[in-house]
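Novice: coordinates only, sequence not included:
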């Protein structure tokens, strides 16, 4: 969610901290910040709102409220504090909702005689700062309120709806078979009976996909005079299914998918009407309001419970201070608090929810580091893991290296649905194919690896028609691929009582692999028995230079008082493919240096 | 000449040894898992985006079965065994193994990867103990004094939920990690709904849980630059460990 610092500032009298400081504050007390950037005299934060806070924080008011709590600075205005009543009743509009489960609240206002035109500069700037395009004063006002309050709003051109003796009627119902909608951006959508629609009930024509997108037929244009402004609440799961089915995710649908409080509809509508009258003129004719009875959620919290869960020693007053910073309505009796959850905070339901609020506002850095006490009994040994470890040790000693390969394959007994990369949808029934491929892949690198024989194993999962099992597969150049069930591996011990202590990997860091091919050369020389062999190897390495990626002595024998040493040299570059010629030149340089030292190159 | 162990196996072996000494029993679980174990008991509602077709592999012709998206699904299997043995809390468990996400792959994302998940259920469990547990674990695993830092987060199965950052200091710390805060895990106090689904009275017991990617830990510890190497079966890679 893109959040403008200037927009946030409009909620405070006090000057907000710098954008860097805001980012840090939010990171450690509320949300991760994906990025922040300068944007035309403004600064914009990209805030990663967690799914549980979509109810209230996909809006500038939501983030302003968070900052107010965290920084303990009061809001200078709170659009969710109260709103004027939705009066008078409209004399020209009625609304009917077929299924209140899918549409718990629907508030609408009629504004007549407006003048559609460009938005004032401040409104354009606000929207553009968060990457939105300015369209016209009416549409911009509804969009502004959506990003301000987190309540989607939509304006219909009332003149484009059918009327009956001057009366208009909107219905919220599921689409009928065969109904279509041409959306505001000119795409035609075939509606299914699962799609909830906003319908011009007199003409029985859909004018919008509820909670997702408005229709072209009732679009606001420069010729629009009278409008219906919709501020409704829709069922989160229904909107999510519709947006998925139509592959149409909009800012509005994302909000509804997070479930909004039906109570925000009235706040959103009155704020939008006020702004429209300010920027586009017009007169409010009246309202139509279908609303849900507010649900009151009270949570009981003992200060001691908060301390037990967090592992802290906060005083009752410190906890109360956090509740005050939230401006929660609460009662206190000793260490017991009864907190009324604000209507927009649908996430606050149980004491643990409040404990999280206390923890993050005082700061998780206040949570001490407490050692986990010794366990009252001994941990059990996992028999199958123990066996796996036994087999690993046995194979490693025999020179086998462990590979892990993909479980996905071209054929098998079980298949996954809708694989994102759409290849290899089956689950493997055997390890043998992957081991065979792995052997082939490593074979041509044998020389560069300094191996006499490639030997591989994998301990992995395979699937039959109804069972899942772990098998051990081995393969080497000399022996073809073999696999056996883990539990049937010969020589497994019966009742392990303890894991064997195995030293950790001695490797400290990994050397990246070059994507370019290597070239192998050997050099063999006669030296005297007195020669320090390490010095010979050092000289070879020095002369070979930085293109030498690996070298080792692969042969040594003594004959007639002399020692024959043979080294294998692997050349490879990280930048390019080496040519035979340049490696030959290096080899000549090495020979020359060895000769100069008095050794005989064979 | 000896062969080499895959770096993930090295890591699982070391992690298991550290947790075993702290009283955690290892559970492996199965890779094909029911939605009940993978989602329902973990308080992931039916309409949560995590259940979207694009994130979770569902099994053809087996409704309600998925490739597990985390190793947390193994915990309930362990708890059920404890119950059969009439073993009451406290419990400590850790699960490690392969998990799956149905998404496009790149240098840092694979459709199949490895995870570690652990939990403690007791009368005293707290976020402070969680911090202590992770600090001890990472100090051992990363071979350097490790500090743990929490940031607010959200997971359906924990409340409060936190993101876990670590900072490793000291000479033996891997160079790429030394003295830097790095995001490493998700964690929190087990949600009362999860405890209830586990058949444990949340009025009497509390729990904490943590989980993160082993591939990422391996990449950080050894400076591995491409997660796809894990499944490459390339000995130039494996034989470095």
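Specialist: All right, it came through fine. Please read all numbers here as calculations on a predicted model, not as lab measurements.

Novice: secondary structure element for residue 8?
Specialist: No chain specified, so I'll use chain A. Following DSSP states H and E, the helix or strand that holds residue A:8 is helix A:5-9.

Novice: Please refer instead to chain B.
Specialist: helix B:7-21.

Novice: which parts of the very next helix or strand once past that helix are buried?
Specialist: Using DSSP H and E, the helix or strand that follows helix B:7-21 towards the C-terminus is strand B:25-27. Neighbour counts over strand B:25-27 (16 or more other C-beta atoms under 10 Å in any protein chain shown) mark B:25-27 as buried. The way it works is simple: take the backbone N, C-alpha and C, and place the C-beta from them, glycine included.

Novice: and the helix holding residue A:8, what other elements does it pack with?
Specialist: Counting contacts by 3 or more C-beta pairs under 8 Å, 6 or more residues apart in numbering or on different chains; DSSP states H and E, helix A:5-9 packs against helix A:19-29, strand A:42-48, helix A:60-71, helix A:121-129.

Novice: what sits up against that helix?
Specialist: The contact list for helix A:5-9, computed with C-beta atoms under 8 Å, 6 or more residues apart in numbering or on different chains, reads A:15-16, A:19, A:22, A:41-45, A:60, A:63-64, A:67, A:126, A:129-130, A:147-148.

Novice: Could you list which of the buried residues of strand B:25-27 also contact chain A?
Specialist: B:25-27 (C-beta under 8 Å from any C-beta of the partner chain).

Novice: tell me the mean pLDDT for the helix holding residue A:8?
Specialist: Mean pLDDT, computed over helix A:5-9, is 97.

Novice: And for stretch B:94-111?
Specialist: Rounded mean pLDDT across stretch B:94-111 is 88.

Novice: Flag every buried residue along it.
Specialist: For stretch B:94-111, burial by neighbour count (16+ other C-beta under 10 Å) applies to B:94-102, B:105, B:110-111.

Novice: starting at the chain centroid, how far to that stretch?
Specialist: 12 Å (C-alpha atoms, centre = their mean, to the nearest Å).

Novice: Could you do stretch B:164-174 as well?
Specialist: 19 Å.

Novice: could you pull out the strands for chain B?
Specialist: B:25-27, B:32-34, B:65-67, B:91-100, B:112-122, B:145-152, B:158-169, B:181-190, B:206-213 (DSSP state E).

Novice: Paired strands for the helix or strand containing residue A:525, with orientation please.
Specialist: If you go by DSSP H and E, residue A:525 is part of strand A:519-528. Under the criterion DSSP bridges, strand A:519-528 sits next to strand A:562-571 (antiparallel), strand A:600-601 (antiparallel) in its sheet.

Novice: Tell me which of those strands lies nearest to residue B:6.
Specialist: With C-beta to C-beta as the measure, strand A:562-571 is the member of the strands paired with strand A:519-528 nearest residue B:6 (22.9 Å).

Novice: Report the buried residues of that closest one.
Specialist: Neighbour-count burial for strand A:562-571 flags A:563, A:565, A:567-571 (criterion: 16+ other C-beta under 10 Å).

Novice: Next: stretch B:145-161.
Specialist: Buried, per 16+ other C-beta under 10 Å, within stretch B:145-161: B:146-161.

Novice: hmm, back to that, quick one, which of the strands of chain B is nearest to residue B:230?
Specialist: When those are compared by C-beta to C-beta, strand B:112-122 sits nearest residue B:230, at 7.4 Å.

Novice: name the helices or strands packed onto that closest one?
Specialist: Judged by 3+ C-beta pairs under 8 Å, 6+ apart, the packing partners of strand B:112-122 are helix B:7-21, helix B:73-84, strand B:91-100, helix B:127-141, strand B:206-213, helix B:214-222.

Novice: Take these and lay them out in JSON lines including distance to residue A:581.
Specialist: Formatted as JSON lines, these follow (distance: least, C-beta to C-beta, whole Å):
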{"stretch": "helix B:7-21", "distance to residue A:581": "37"}
{"stretch": "helix B:73-84", "distance to residue A:581": "58"}
{"stretch": "strand B:91-100", "distance to residue A:581": "47"}
{"stretch": "helix B:127-141", "distance to residue A:581": "48"}
{"stretch": "strand B:206-213", "distance to residue A:581": "46"}
{"stretch": "helix B:214-222", "distance to residue A:581": "36"}
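
Novice: Nearest to chain A, out of these?
Specialist: Across these, chain A has its closest neighbour in helix B:127-141 (2.4 Å, C-beta to the nearest C-beta).

Novice: now the closest one: how far from the chain's centre is it?
Specialist: Distance of helix B:127-141 from the chain centroid (C-alpha atoms, centre = their mean) equals 14 Å.

Novice: can it be found next to chain A?
Specialist: Yes: Helix B:127-141 is in contact with chain A by C-beta under 8 Å from any C-beta, via B:127-129, B:131-133, B:135-136.

Novice: contact partners of that helix?
Specialist: Applying C-beta under 8 Å, 6+ apart, the external contacts of helix B:127-141 come out as A:309-312, A:359, A:364, A:367-372, B:11, B:14-15, B:18-19, B:22, B:118, B:120, B:145-148, B:150, B:160, B:162, B:164, B:166, B:168, B:184-185, B:187-189, B:208, B:210, B:217, B:221.

Novice: May I ask you to name the longest strand in chain A?
Specialist: Per DSSP E, chain A has its longest strand at strand A:548-559.

Novice: Contacts (any at all) between chain B and that strand?
Specialist: No: if you take C-beta under 8 Å from any C-beta as the test, strand A:548-559 misses chain B, and the best it gets is 9.8 Å.
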